[in-house]
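[1] What follows is a predicted structure for the sequence shown.
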Amino acid sequence: MTQSAAKSVRHRPPLFRALGAGEPPQTVYVAGRPYRHIDTFKHDSWAATALYRSDEGDGIVCKFNRAQPIFILPMSWLGRRLARRENGFLKRLADVAGVPDWVDVRDADGKTIDNLSSHVFVEGGPFRVASQANDQFFDRLITLVQTLHARDMAYVDMNKRENVIVDKEGRPWLIDFQVSFALSERWPGNGFLARLWLKTMIEMDMYHLGKHYARCRPDLLTEAERQAWLTPPSFIRWHRKIGVPFRTMRRALLVRLNIREASGRAQSEQNPEMAFRSDAENAASAVPAKPAKSKAATAAKPRAAAQAKTRAKSPAKPTVAERARPKAARPARSEAPGKGGTKAAAPATKPQAKPKAAAAAKSTPRAKTEKKSAASAKAATKPEPAAKRKPAGAPKTGPKAG
């Protein structure tokens with residue numbers, strides 16, 4: 001998730017977290033050996049899944065199912081039931097290659113944790129991109145899924161590609177049996193309706209598996225095989241009419257509560273599950289995020305360029321400091337050639353216009369009064385014309401005698 005996404009969404013409130021405001025414990029025990037918390041893969045409404053490792057480096061995955069009540073409705077009973085179901089499936093498939101072994105995890109007092117299902121950690125990563133699937137990958141995955149079907153069990157959650165783990169040798173593993181379905185040993189869990197439901201879920205498993213096959217490795221299939229894998233059974237079409245609106249409503253609720261961004265996808269949460277988190281981090285590190293440009297900034301760009309071009313053609317305006325400096329002396333007057341008079345030398349550059357501030361200052365009442373006073377003083381000291389002046393010592397003439 002990007003930094004902008006982290007600022008726009010908030011952490012899930014306790015109501016939408018399996019453990020409420022709590023987190024998975026820091027230490028759990030297997031046969032008396034401590035395993036310490038390394039990372040939390042995801043923490044959603046149904047479960048908090050975390051990785052633990054021993055001092056020797058052995059890893060286990062612990063899934064803490066729902067314990068947080070919904071308002072006043074207790075939900076710990078659901079968490080215990082989900083844990084029993086998933087642990088039962090892991091024990092049922094203990095001898096199947098491609099299914100991790102169940103692990104008996106206890107707390108610090110040696111007691112069983114009722115809402116916990118756990119298994120050995122598979123060193124690898126979730127199946128996300130086609131390049132992870134080698135030429136034998138889907139053949140092995142088909143064999144693994146068909147082994148479950150032969151034991152009257154359906155995986156059910158095959159549409160999520162991230163539930164398939166690819167180990168370091170490129171082999172597929174199945175994890176997360178939370179919603180899987182299997183026939184029970186007693187009626188009605190093994191009756192007609194249960195078998196009909198199992199048959200439907202098996203068809204759904206094979207369709208989703210074939211869809212991943214046709215999309216990721218079409219080079220290994222003929223065109224007829226690819227089209228056959230991509231053709232959904234009738235149940236899938238009915239399921240989409242119900243499932244798609246429900247998923248849309250759920251995403252809209254999470255967006256409205258500011259838990260997800262407008263897209264509604266899981267990777268937009270503050271702490272998305274590991275499969276989506278890895279994609280977001282890889283994208284962020286590969287391509288640095290660029291700040292979004294607003295319409296105003298885009299429109300101002302050509303306007304700023306035009307202004308800069310105009311400033312380059314026109315002379316620079318005097319700054320405030322330059323205006324405060326005293327005016328320089330006027331240029332010296334030089335004698336014009338061929339004439340007796342004098343003529344002022346042309347200035348080297350065109351004089352700049354007076355600043356508006358100075359013109360405005362001269363129009364104030366105080367400035368006008370000072371101007372009048374200066375004019376009166378100048379008139380008082382102005383010399384008389386030469387025709388009216390009398391030589392020094394000349395007698396004063398009075399009025400003529402009659």
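    Received it, and whenever you're ready, just let me know what you need. Numbers count the residues shown, from 1 in each chain.
[2] Now do the same for whichever helix or strand Ala224 is part of: mean pLDDT, whole number.
    With elements delineated by DSSP states H and E, Ala224 resides in helix 223-230, which encompasses its position. Looking at helix 223-230 alone, the average pLDDT works out to 93.
[3] Just checking, which helix or strand succeeds that helix along the chain?
    The C-terminal neighbour of helix 223-230 among helices and strands, as given by DSSP H and E, is helix 234-256.
[4] Next up, the contacts around the closest residue to Arg140 other than its chain neighbours.
    For Arg140, ignoring the flanking residues on the chain, the nearest one in space by Cβ to Cβ, 6 or more residues apart in numbering is Pro172 at 5.6 Å. C-beta here means a position set from N, CA and C on the backbone, and glycine is covered the same way. Contacts for Pro172 (Cβ atoms under 8 Å, 6 or more residues apart in numbering) come out as 98, 127, 137, 140-141, 144, 164-166.
[5] what do you get for Leu209?
    Contact criterion Cβ under 8 Å, 6+ apart gives 138, 141-142, 145, 158 as the residues in contact with Leu209.
[6] Kindly reformat these as a markdown table containing secondary structure.
    Rendered in a markdown table, the data for those read as follows (DSSP: H, G, I helix; E, B strand; the rest coil):
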| residue | secondary structure |
| --- | --- |
| Phe138 | helix |
| Leu141 | helix |
| Ile142 | helix |
| Val145 | helix |
| Met158 | coil |
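[7] related to what we said a few turns ago, just checking, which of the contacts of Pro172 belong to helices?
    Counted as lying in helices by DSSP state H, out of these, are 137, 140-141, 144.
[8] Show me which of the residues you listed is closest to Tyr35.
    Using Cβ to Cβ, Leu144 is the member of those that lies nearest Tyr35, at 27.1 Å.
[9] Tell me, how many residues neighbour that closest one?
    The criterion is other Cβ atoms under 10 Å. On that basis, Leu144 has 21 neighbouring residues.
[10] Please report how far it lies from Trp173.
    Shown here: Leu144 relative to Trp173, a distance of 8 Å by Cβ to Cβ, to the nearest Å.
[11] list residues touching both of those two?
    Counting by Cβ under 8 Å, 6+ apart, the residues touching both Leu144 and Trp173 are 98-99.
[12] ok, residues contacting stretch 243-251?
    With Cβ under 8 Å, 6+ apart as the contact definition, stretch 243-251 has outside contacts at 260, 264-265.
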